[in-house]
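Engineer: Can you look at this prediction? I've put the sequence above it.
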Amino acid sequence: MMIMTTIVILAGGKSIRMGQDKAMMNGGVSRLWNMYSSLGAERIITLCGEESRIDLFEGEVWPDPKDISGPLGLIKLCLAQIEGDIQLVSCDAFKLVNTGAEWLLEHDNGVPVDHNRNRQPLLARISNRDLIDYEATTINGLFTRFPSLEETKLSKQFSNFNTKSEII
């Protein structure tokens, strides 16, 4: 039996430090959605934030429930509501392309490491939920027991960005 991997694109942030909506920058969520579709993803969910943002995205789009705020709560919600494996993808994974996305999907479980040797939990590959620390109060804490996924040739693809100066 093949285990299905659900791609979860995190696209609900306000992008205050970036000065514009990260979900729309550099091809945005649409680029990620198309990339994972071309790789054969059967299910792609975009977590869009406020309900008013639903129409900004194609496919299956989930607004934030009223009682959950922030990515930690949303990831925990996804873990409770989505069966099978999950590949998290932050909308600011501007440098992620097919080679890095495929490489992540080939792994069973883990958190990729970027070129600065930082773990990037918003790109976590989740297949063994027994390793998740459900009591964690941070996203890093949620994935503390996950192995680091390191691939020097692809590590630049696993960076995320919070200010305009970082992507210039």
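Structural biologist: Noted; the coordinates are in hand. Numbering: from 1, shown residues only.

Engineer: where does the protein dip in pLDDT?
Structural biologist: Within the chain, the segments meeting pLDDT under 70 span 1-3, 13-21, 23-25, 27, 161-168.

Engineer: so the most centrally placed residue in it bridges to which residues?
Structural biologist: Closest to where the C-alpha atoms of the chain average out (Cα atoms, centre = their mean) is residue 89, at 1.9 Å. For residue 89, the beta-bridge partners under DSSP bridges are residue 9.

Engineer: residues contacting it?
Structural biologist: By Cβ atoms under 8 Å, 6 or more residues apart in numbering, the residues touching residue 89 are 7, 8, 9, 10, 32, 36, 96, 101, 122, 123. C-betas here are computed from N, CA, C, even on glycine.

Engineer: Spit out the contact partners of the closest residue to residue 137 other than its chain neighbours.
Structural biologist: Counting by Cβ to Cβ, 6 or more residues apart in numbering, residue 72 is the residue found nearest to residue 137 once chain neighbours are left out, at 7.4 Å. Contact analysis of residue 72 by Cβ under 8 Å, 6+ apart lists 136, 137, 138, 139, 142.

Engineer: ok, the third one - how many residues close by?
Structural biologist: Residue 138 has 11 neighbouring residues, counting by other Cβ atoms under 10 Å.

Engineer: Let me know the helix or strand that the closest residue in space to it that isn't next to it in sequence is in.
Structural biologist: Once flanking residues are discounted, residue 138 sits nearest to residue 72: 6.7 Å by Cβ to Cβ, 6+ apart. Assigned by DSSP states H and E, residue 72 belongs to helix 71-81.

Engineer: How about that helix, which residues are buried there?
Structural biologist: Under the neighbour-count criterion of 16 or more other Cβ atoms under 10 Å, helix 71-81 has 71, 72, 74, 75, 76, 77, 78 buried.
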